[in-house]
Structures are given as C-alpha cells and as structure tokens.
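Participant: fold the stuff below for me.
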Amino acid sequence: MRPSIVPAVLAQLPLDGVLLFATRFIRLFAYGSLSVVLVFYLIGIGLSEPQTGTLLTLTLVGDTVISLYLTTRADRMGRRRALVVGAALMAAAGMVFASASAFWLLVLAGTVGVISPSGNEVGPFLSIEQAALTHVATDRTRTEVLAWYTLVGSLATALGALAAGFATRGLHAAAPPSGYRVVVILYAVLGVTLAALFSGLSPAVETPGPSEGRAFRPAFTRFSGLDRSRDVVVKLAALFALDSFAGGFVIQSFAAYWFYLRFGADPALLGTIFFWANIFAGLSALLASRLAARFGLIRTMVATHLPSNVLLILIPLMPTLSLAVLVLLARFSISQMDVPTRQSYLMAVVSPDERSAAAGIAGVARTIGAAIGPLFVGLMFARPALINLPFFIAGTLKITYDLLLYRAFVRVQPPEEKQRQQAASR
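Facilitator: Okay, the predicted model is just below:
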C-alpha cells in the first residue's frame with residue numbers, strides 16, 4: 001500500500017505512471033544543473049559570446065528536428081523505444097560537450113544530440129510522457145496530474161541548479177572549466193540512467209496499432225499524425241511558438257550569465273537563486289489546477305501569465321541584486337501557472353488518438369520559437385549597453401501572446417468545462 005501522504009490523484013497512477021514521474025525528475029535535474037553552468041563552461045573552454053549564442057540556437061534547432069522525427073513516429077516505432085533513443089542522444093551529447101572544445105564538434109553534438117540550455121524540456125520526452133499520463137487520467141483529474149508532473153519537474157530543476165552551483169564552487173577556484181565540466185559529465189551519466197529506466201516501461205504505455213483506414217489518409221495526416229485536430233493544433237502551435245520565441249531571449253543559461261555581468265553573482269549564488277525560483281514555479285502549478293477548476297483553463301493561463309510578463313520587464317530596471325532577485329522570484333511564483341493548464345488544455349481539445357502527435361507538434365513549435373532568441377542574445381551580451389534589452393523584448397512579446405491566445409480560444413471549452421456549464425444551467 002502506498003503511503004497516505006501521497007496525493008490521491010497520484011496514488012491512483014499505475015506503475016508506468018510512477019516511473020514516468022521518476023524519469024521526469026531525473027531529466028529535469030540534469031537540465032537544471034546544466035543550465036546554470038553551460039554558458040560559463042562554453043566561454044571557459046574558449047568560445048566567444050556570439051559563438052555561444054549561435055551554438056545554443058543550433059542546439060535548440062537540432063532538438064526540434066529530433067523531437068519532430070521521434071514524436072511523429074513514436075506510436076509506430078513504439079513509445080518506449082522513442083524515449084530510449086532520446087535518452088541515448090542526450091547521453092551522447094553530454095559526453096561530447098565534456099570532452100571536446102572545437103566549435104564545429106560542439107555544434108555537431110548539440111545539433112544531433114539532446115542538450116537543454118534553458119533548464120526546460122527539450123527533445124521528445126515531454127510529448128510522449130504527457131500523452132501517456134493523460135491516457136491514464138480522467139478529464140476531472142487530468143489538470144491536477146499534470147500540475148503534479150510540473151511540480152516534480154520544477155523541483156528537480158531547482159535541485160539541479162542548486163547542486164550545480166555548489167558543486168562547482170571549490171573546483172572553480174582551482175581550474176574554472178574543470179568545475180563546470182563535472183556538471184556536463186553528470187548530464188551524460190543521467191542520460192544513460194534515463195535510457196535504462198525507459199527500457200523498464202511496460203507494453204501498456206504503447207498505443208494500439210494503426211487501423212487499416214489510416215493508409216488512405218492524406219500525406220499531411222500520415223506525416224503529422226493529425227486529422228480531426230489539425231486546425232486547432234496548428235493555431236495553438238503558432239501561439240506557443242510566439243511565446244517560446246519570447247522566452248528564448250531569457251533562457252535560464254543567459255539569465256544566470258546576466259546576473260553575473262550586471263551584479264557579479266557567482267555560480268554558487270546563482271544556483272541558490274534559481275533553486276528558489278524553480279521551487280516557487282513548481283508550487284504555483286498546484287494552485288493553477290485549483291484556479292482552472294473554478295475559472296477555466298484559458299482564463300487561468302492568461303490571468304497568471306500577463307502579470308508575470310510585466311515583472312519580467314521590471315527585472316533589469318532594478319538597481320540592486322536583491323531587488324532584481326526579488327522581482328525574479330515574484331515572476332517565477334506565477335509565470336509557470338500556464339504550464340499544466342496549457343498542457344491540459346491541448347490534451348483536452350484534441351482527439352484522444354491524436355494526443356501524442358498534437359503534443360509533439362506543439363512541443364516542436366515551442367522549440368523552434370525558443371531556438372531563435374539565443375542567437376540575438378549572444379550578440380546583445382557582447383555589447384554591455386544592450387544586456388538588458390532581452391528582458392524588454394521577451395516581456396513585450398509574451399504579453400502579445402497572452403492577448404492573442406485569449407481572443408482565439410476563450411470560447412473553445414474542454415469537456416470538463418462544458419459539463420460544469422451544462423450542470424450549472426440545469
């Protein structure tokens with residue numbers, strides 16, 4: 001019997017669900033630890049700021065291609081196999097980054113492999129896990145399950161950032177790149193661990209084989225896996241790409257480096273800062289599920305995301321490190337409320353047999369959007385007068401996304417909201 005302290009919605013998950021929560025934790029721990037030191041490490045081994053920005057952009061582009069390929073084929077090649085391949089690519093990229101310093105080789109490894117410079121999800125993992133978790137949850141519990149899933153990821157990212165900051169403190173004093181390299185090696189090791197855990201998933205995570213009629217569907221449907229849900233997914237994916245493009249200007253790696261350039265914050269302090277930032281972000285996800293149950297998914301997404309983007313614009317306007325950190329933490333305490341609600345909304349408004357493809361394409365759109373920003377940020381960071389500009393660009397674009405999302409989808413309700421509305425009208 002599971003301990004009583006386990007939330008009821010999680011206690012109902014099968015073993016595969018528990019395993020997916022575990023892989024989420026390990027993966028985000030790796031992402032969080034790498035994001036704090038990655039820019040420091042790349043500059044420490046000889047790359048310039050523009051080269052670093054270019055590398056991170058190409059890394060995200062490569063993650064996009066890998067994710068698109070695996071997520072649109074996961075149901076045919078097997079979800080378990082797709083996840084194992086993704087984990088193997090993550091481990092391979094980490095090993096090359098830890099052992100090479102040639103720019104072309106790092107670009108090749110970052111493009112072909114799976115590297116997360118932002119501390120956020122990249123690759124095929126989230127889309128496939130998200131579809132599997134939605135399959136084992138009901139409409140009423142879907143948002144809460146995904147909220148806990150988000151919390152676990154945020155906690156793991158926070159612990160990874162904290163661990164990376166403190167782990168590099170002593171080693172950094174003796175040989176700067178060596179201390180950061182330890183974290184990169186850990187990233188590769190955790191990739192191997194993920195591959196082993198994904199191998200342990202049962203056949204229950206797989207989808208049924210395609211029906212005979214699928215062979216006669218249009219080419220777009222055969223490639224993307226989308227049919228009835230195509231229009232809504234395309235609209236949502238375009239909006240998500242805009243949001244991620246904005247977020248690409250303030251990815252955690254560059255945000256950490258900004259605190260160093262502006263206030264001289266060292267990696268240990270940055271690890272602590274982003275530990276609490278991600279803790280607040282994760283806890284906010286649980287509140288988001290309660291707000292969504294009362295006000296609706298779209299309204300919750302927009303009402304919490306708008307003020308967080310105003311706070312994002314305010315961060316570089318703060319005159320001291322303490323105030324800048326305070327505004328950053330305030331932003332993180334509400335900025336991620338749209339994550340479980342966004343995931344839940346997408347899963348709710350598409351056909352059940354198209355959820356993996358929908359999540360994959362939406363995820364790819366987000367990665368494409370995020371891949372462009374770092375290229376410009378690297379150029380801005382090479383000019384001291386422009387290091388604050390990414391925050392202003394990101395905040396403005398994100399506010400635009402919020403307004404467009406509300407206008408387009410406030411009247412498109414998921415099943416549970418339609419049921420509540422019908423019950424209230426009786």
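Participant: close enough to count as contact, Gly296 and Gln413?
Facilitator: Yes - counting by C-beta atoms under 8 Å, Gly296 does reach Gln413; the two are 7.2 Å apart. Where you see a C-beta, it was placed from the backbone N, CA and C, and this is true even at glycine.
Participant: got the contact list for stretch 107-116?
Facilitator: 30-31, 34-35, 38, 54-56, 58-59, 61-63, 65-66, 86, 89-90, 92-94, 96-97, 100, 122-123, 191 (C-beta atoms under 8 Å, 6 or more residues apart in numbering).
Participant: go on, stretch 20-31?
Facilitator: 10, 13, 83, 90, 116, 118-122, 125, 129, 132-133, 148-149, 152-157, 159-160, 163, 186-187, 190-191, 193-194, 197-198, 201.
Participant: which of those residues are buried, as a ChimeraX select command?
Facilitator: Applying 16 or more other C-beta atoms under 10 Å to those, the buried members can be selected in ChimeraX as follows:
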select :10,13,83,90,116,118,119,120,121,122,125,129,132,133,148,149,152,153,154,155,156,157,159,160,163,186,187,190,191,193,194,197,198,201
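Participant: which ones among the contacts of stretch 20-31 map onto helices?
Facilitator: The members of the contacts of stretch 20-31 that map onto helices under DSSP state H are 10, 83, 90, 125, 129, 132-133, 148-149, 152-157, 159-160, 163, 186-187, 190-191, 193-194, 197-198.
Participant: residues near Lys418, how many?
Facilitator: 12 (other C-beta atoms under 10 Å).
Participant: still on that earlier bit, just the contacts of stretch 107-116: which are in helices?
Facilitator: Short answer: the contacts of stretch 107-116 in helices (DSSP H) are 30-31, 34-35, 38, 54-56, 58-59, 61-63, 65-66, 86, 89-90, 92-94, 96-97, 191.
Participant: out of these, which end up buried?
Facilitator: 30-31, 34-35, 38, 54-56, 58-59, 61-63, 66, 86, 89-90, 92-94, 96-97, 191.
Participant: measure the residue nearest to Ala164 when sequence neighbours are not counted to Gly165 for me?
Facilitator: Nearest residue to Ala164, sequence neighbours excluded (C-beta to C-beta, 6 or more residues apart in numbering): Ser33, at 3.8 Å. Distance, Ser33 to Gly165, using C-beta to C-beta, to the nearest Å: 9 Å.
Participant: who has more neighbours, those two?
Facilitator: Just comparing Ser33 and Gly165: by other C-beta under 10 Å the higher neighbour count belongs to Ser33, 29 against 26.
Participant: restrict stretch 48-68 to CA atoms and write it as PDB.
Facilitator: Extracted C-alpha coordinates of stretch 48-68, given in PDB (Å, rounded to 0.1, in the frame of the first residue of the first chain):
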ATOM      1  CA  SER A  48      33.100  33.800 -27.500                       C
ATOM      2  CA  GLU A  49      29.600  35.200 -26.600                       C
ATOM      3  CA  PRO A  50      28.400  35.300 -30.200                       C
ATOM      4  CA  GLN A  51      29.700  31.700 -30.800                       C
ATOM      5  CA  THR A  52      27.900  30.600 -27.600                       C
ATOM      6  CA  GLY A  53      24.700  32.200 -28.800                       C
ATOM      7  CA  THR A  54      25.000  30.500 -32.200                       C
ATOM      8  CA  LEU A  55      25.800  27.200 -30.600                       C
ATOM      9  CA  LEU A  56      22.700  27.300 -28.300                       C
ATOM     10  CA  THR A  57      20.500  28.300 -31.200                       C
ATOM     11  CA  LEU A  58      21.700  25.400 -33.300                       C
ATOM     12  CA  THR A  59      21.400  23.100 -30.300                       C
ATOM     13  CA  LEU A  60      17.700  24.000 -30.000                       C
ATOM     14  CA  VAL A  61      17.200  23.700 -33.800                       C
ATOM     15  CA  GLY A  62      18.700  20.100 -33.600                       C
ATOM     16  CA  ASP A  63      16.400  19.300 -30.600                       C
ATOM     17  CA  THR A  64      13.500  20.400 -32.800                       C
ATOM     18  CA  VAL A  65      14.300  18.100 -35.600                       C
ATOM     19  CA  ILE A  66      15.000  15.100 -33.300                       C
ATOM     20  CA  SER A  67      11.700  15.800 -31.400                       C
ATOM     21  CA  LEU A  68       9.700  16.100 -34.600                       C
END
